[in-house]
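1. 3D, please:
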Amino acid sequence: MHKASQALARWRARIVWRSAGRLGVCLAGCCIAAALLLGGGAAQSQGQTGPDSDAVRRGATVFHAGGCYSCHTDSKNGGAPLAGGRALRTPFGVIYSPNITPDTETGIGGWSLEDLKRALHQGVAPDGSHYFPAFPYTSFTLMTDADVADLKAYLDSVTPVRQANQPHEMAPPFGWRVLLLPWKWLFFDEGRYQPDPDRSARWNRGAYLANALAHCGECHTPRNVLGALDRDLWFAGTEDGPEGARAPNITPDAATGIGRWSDSDLVHLLKTGFMPDFDNVQGLMAEAVDDSYSHLSDEDLGAIAAYVLALEPIEHQVERKSGGGSAYD
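-> Residues are numbered from 1 along each chain as shown. Below you'll find the model as predicted:
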């Protein structure tokens, strides 16, 4: 009973918080263009009535699905939206996310569409250097050219912020970018998502959202000693997810995963952060809900649920680390 009371209290608090946040967005929308960035306090989209307004609108969906706000905003330290500086702790050192506002000196304002495609599809910067796979180009490579173009339109529309990127803190040899080329030869397969003709349009949409944009496997799949994903345990959870947090098994295994969940259970979690037992997610998954999934349409969330719950079940128990965090609790 005590646990149920606590869960109910958390549920009420979360609903009040989310309602207040949405009311604030609605009031702001009466004075300015609708706020399309994640987290309720992001940069505002501009030029919505211009010739590219449809591309900006579509790009907002790509942006939200990709979780760009959380990674590229140092919210913990009050950083400006999308100005970078968020520290991502990895087994190889600390990587700081870059500024992706359209500032021409410190952001990506001088990038062409081809520059953005090359970064997302190949993991290569405009100067030819290779990105560390903490930037999930191993998933973004699946993005369609049209979605990259729409994302570019959206990012070009947000408020530019002049903030220089922070250098990574990685001990040799892990910080040597020259080693990333052989890493790619071993572990990176470039290519766009190819729909499965034997599956429904809904399943294919969910597969595209979960794998190309939301890159769920990057968090919920174990990695080897070189930081590459273990494809044999795809979506099966890991004790050492992003920032060292536990990420649970989200395959439909009844014993160790979410096999007892319905589509509506998973959609409800992605919209509100609440699980079927009324407990709520914390940490990185709470960020993903608030800054990403809750901004997607019911149709897209339903497609993600349909795909995830149709995966091959994998029995893989993810142990809780002593004193460690979790993506879910």
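
2. ok so Arg205 is a strand residue?
-> No: residue assignment for Arg205, taken from DSSP: H, G, I helix; E, B strand; the rest coil, gives helix, which places it outside any strand.

3. Any stretches of the stretch 201-329 of the chain with poor pLDDT?
-> Scanning the stretch 201-329 of the chain with the threshold set as pLDDT under 70 gives 321-329.

4. OK, contacts around the residue sitting nearest the centre point of the chain?
-> Among the residues of the chain, the one closest to the centroid is Gly67, at 3.1 Å (C-alpha atoms, centre = their mean). Under the criterion of C-beta atoms under 8 Å, 6 or more residues apart in numbering, the contact list for Gly67 reads Ala214, His215, Ala288, Asp291, Ser292. C-beta here means a position set from N, CA and C on the backbone, and glycine is covered the same way.

5. Of the residues you listed, which is the most crowded?
-> Across the contacts of Gly67, the neighbour count under other C-beta atoms under 10 Å reaches its highest value at Ala214, namely 25 neighbours.

6. quick one: contacts for that one?
-> Ala214 makes contact with Ala65, Gly66, Gly67, Ser292, Tyr293, Ile304, according to C-beta under 8 Å, 6+ apart.

7. same question, Arg202
-> Contacts for Arg202 (C-beta under 8 Å, 6+ apart) come out as Gly302, Ala303, Ala306.

8. could you dump those residues to a markdown table with secondary structure and neighbour count?
-> Supplementary listing: the contacts of Arg202 in a markdown table, determined by DSSP: H, G, I helix; E, B strand; the rest coil; neighbours: other C-beta atoms under 10 Å:
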| residue | secondary structure | neighbour count |
| --- | --- | --- |
| Gly302 | helix | 19 |
| Ala303 | helix | 25 |
| Ala306 | helix | 21 |
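
9. nearest to Asp147, of those?
-> Each of these was scored against Asp147 by C-beta to C-beta, and Ala303 proved nearest at 14.9 Å.

10. Which residue, other than its chain neighbours, is closest to the closest one?
-> Once its chain neighbours are removed from consideration, Ala303 has its nearest residue in Gly206; the separation is 3.6 Å (C-beta to C-beta, 6 or more residues apart in numbering).

11. Tell me, how many residues neighbour that neighbour?
-> In terms of burial, Gly206 registers 24 neighbours under the definition other C-beta under 10 Å.

12. same check, this time on Lys76
-> Other residues near Lys76 come to 9 when the count uses other C-beta under 10 Å.

13. if I've got this straight, it is in a helix?
-> Yes: when three-state DSSP is applied, Lys76 is found to be in a helix.

14. Chain neighbours aside, what residue packs nearest to it?
-> Leaving out its chain neighbours, Lys76 is closest to Arg86 (C-beta to C-beta, 6+ apart), at 7.6 Å.

15. Contacts only, for that neighbour.
-> Contacts of Arg86 by C-beta under 8 Å, 6+ apart are Ser70, Cys71, His72, Thr73, Asp74, Ser75, Lys76, Gly79, Tyr96, Ser97.

16. Please report how far Cys216 lies from Tyr307.
-> Using C-beta to C-beta, to the nearest Å, one gets 10 Å for the distance from Cys216 to Tyr307.

17. before we move on, back to that, what's the spacing between the residue nearest to Lys76 and Asp290?
-> Distance, Arg86 to Asp290, by C-beta to C-beta: 15 Å.

18. for the helix or strand where Ile304 lies, which positions count as buried?
-> Ile304 is part of helix 298-308, with elements assigned from DSSP states H and E. When burial is assessed from 16 or more other C-beta atoms under 10 Å, helix 298-308 yields the following buried residues: Asp300, Leu301, Gly302, Ala303, Ile304, Ala305, Ala306, Tyr307, Val308.

19. cool, stretch 219-228 as well?
-> By neighbour count, with 16+ other C-beta under 10 Å as the criterion, the buried positions of stretch 219-228 are Cys219, His220, Thr221, Pro222, Arg223.

20. Check stretch 68-81 too.
-> Within stretch 68-81, the residues that qualify as buried by neighbour count (16+ other C-beta under 10 Å) are Cys68, Tyr69, Ser70, Cys71, His72, Thr73, Asp74, Gly79, Ala80, Pro81.

21. Span of that stretch from start to end?
-> Counting by C-alpha to C-alpha, to the nearest Å, you get 10 Å between the two ends of stretch 68-81.

22. What separation is there between the residue nearest to Asp145 when sequence neighbours are not counted and Val124?
-> Closest residue to Asp145 in three dimensions, ignoring its sequence neighbours and counting by C-beta to C-beta, 6+ apart: Lys117, at 6.7 Å. Distance, Lys117 to Val124, using C-beta to C-beta: 10 Å.
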